[in-house]
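In: Fold the following.
(2 chains)
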Amino acid sequence: AQSVTQPDIHITVSEGASLELRCNYSYGATPYLFWYVQSPGQGLQLLLKYFSGDTLVQGIKGFEAEFKRSQSSFNLRKPSVHWSDAAEYFCAVGAGGGYQKVTFGTGTKLQVIP
Amino acid sequence: NAGVTQTPKFQVLKTGQSMTLQCAQDMNHNSMYWYRQDPGMGLRLIYYSASEGTTDKGEVPNGYNVSRLNKREFSLRLESAAPSQTSVYFCASTRQGASNEQFFGPGTRLTVL
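Out: Numbers count the residues shown, from 1 in each chain, chains lettered A, B, ... in the order given. Okay, here's the model as predicted:
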């Protein structure tokens, strides 16, 4: 069975600082990996996804993530955080097949301080 | 193009009452999903519908039923609400295929007293 671990429940960074959110997954085959962001009171919005090709993927809002098969990781990064990035971030892994069964991590809540 | 819509946005029930959460998408997606979100638990899949006419249990189906009314609509029913079902419920949809991202509705915040 697939699973996702986000080891950091809460992270605080200063505005302008760099950010890395960790994600480790468990899946027997090549995974489909996603990062979603959830602003307070909102649904989830896709930031980026990986399923093949270049292991460094670019997403919206200046985010990027790197797939490292040897470490079973898919960490999310941003070089300079803005106050508007304060939100909760979810890593997810999707199974192959004719439909998309996705398992979500428990989320990392990002706080940005001035 | 409204994407995924959910009604109602908020609901308060008493233990034992029933209700149906409605979800509709206008993106011609094949697959639809119901999740619940609880603090520290992430999103947990309740039921999903891989395509019109099919539904399957997810991780936490007990106490819920679903109906895939047509390609657009996927409803979630609580027959006899319990306080443990207090949660935020999200509906999502996707084109068929594991590489496609899910599109989420804005959620329904349900409180069961």
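In: check contacts around residue 19.
Out: Here I'm looking at chain A. Shown in contact with residue A:19 (CB atoms under 8 Å, 6 or more residues apart in numbering or on different chains): A:11, A:13, A:76, A:77, A:78, A:81, A:85, A:110. C-beta: built from backbone N, CA, C; applies to glycine.
In: Please refer instead to chain B.
Out: Residue B:19 sits next to B:11, B:13, B:77, B:78, B:81, B:110 when contact means CB under 8 Å, 6+ apart.
In: So which elements touch the helix or strand of chain A with the lowest mean pLDDT?
Out: Least confident helix or strand of chain A, by mean pLDDT, DSSP states H and E, is strand A:102-104 with a mean of 88. Under the contact definition 3 or more CB pairs under 8 Å, 6 or more residues apart in numbering or on different chains; DSSP states H and E, strand A:102-104 sits against strand A:3-5, strand A:87-94, strand B:42-49.
In: partner strands of the second one, parallel or antiparallel?
Out: Note on strand A:87-94: by DSSP bridges, its sheet partners are strand A:32-38 (antiparallel), strand A:102-104 (antiparallel), strand A:108-113 (antiparallel).
In: could the ones you listed be laid out in CSV, adding mean neighbour count and distance to residue A:23?
Out: Below are these laid out as CSV (neighbours: other CB atoms under 10 Å in any protein chain shown; distance: least, CB to CB, whole Å):
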stretch, mean neighbour count, distance to residue A:23
strand A:32-38, 24, 7
strand A:102-104, 23, 11
strand A:108-113, 16, 9
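In: Adding distance to residue A:18, write those out as CSV.
Out: Compiled in CSV, the strands paired with strand A:87-94 are given as follows (distance: least, CB to CB, whole Å):
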stretch, distance to residue A:18
strand A:32-38, 16
strand A:102-104, 25
strand A:108-113, 12
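In: Figure out which of the ones you listed is closest to residue B:46.
Out: Taking CB to CB, strand A:102-104 is the member of these nearest to residue B:46, at 12.8 Å.
In: so the residue lying closest to residue B:13 once chain neighbours are set aside, which of the three states?
Out: Leaving aside its sequence neighbours, residue B:13 sits nearest to residue B:81 (CB to CB, 6 or more residues apart in numbering or on different chains; 4.5 Å). With DSSP: H, G, I helix; E, B strand; the rest coil as the basis, residue B:81 sits in coil.
In: Once you drop chain neighbours, what's closest to residue A:73?
Out: Per CB to CB, 6+ apart, closest to residue A:73 is residue A:24, 5.3 Å.
In: ditto for residue B:18
Out: residue B:79 (5.2 Å).
In: check contacts around that neighbour.
Out: By CB under 8 Å, 6+ apart, the neighbours of residue B:79 are B:18, B:63, B:65.
In: Dump those into CSV; add pLDDT as well.
Out: What follows is the contacts of residue B:79, written out as CSV (pLDDT from 0 to 100):
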residue, pLDDT
B:18, 97
B:63, 96
B:65, 97
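In: List only those of these flagged as buried.
Out: Neighbour counting by 16 or more other CB atoms under 10 Å in any protein chain shown classes none of these as buried.
In: okay if I get these as a markdown table plus distance to residue A:59?
Out: Formatted as a markdown table, the contacts of residue B:79 follow (distance: CB to CB, whole Å):
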| residue | distance to residue A:59 |
| --- | --- |
| B:18 | 41 |
| B:63 | 36 |
| B:65 | 36 |
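In: Please narrow the residues you listed to those residing in strands.
Out: Judged by DSSP state E, strands contain the following of the contacts of residue B:79: residue B:65.
In: coming back round to it: buried members of the contacts of residue A:19 into PyMOL, please.
Out: Those of these that count as buried under 16+ other CB under 10 Å are selected in PyMOL with:
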select buried, chain A and resi 11+13+76+78+81+85+110
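In: Understood, closing this out.
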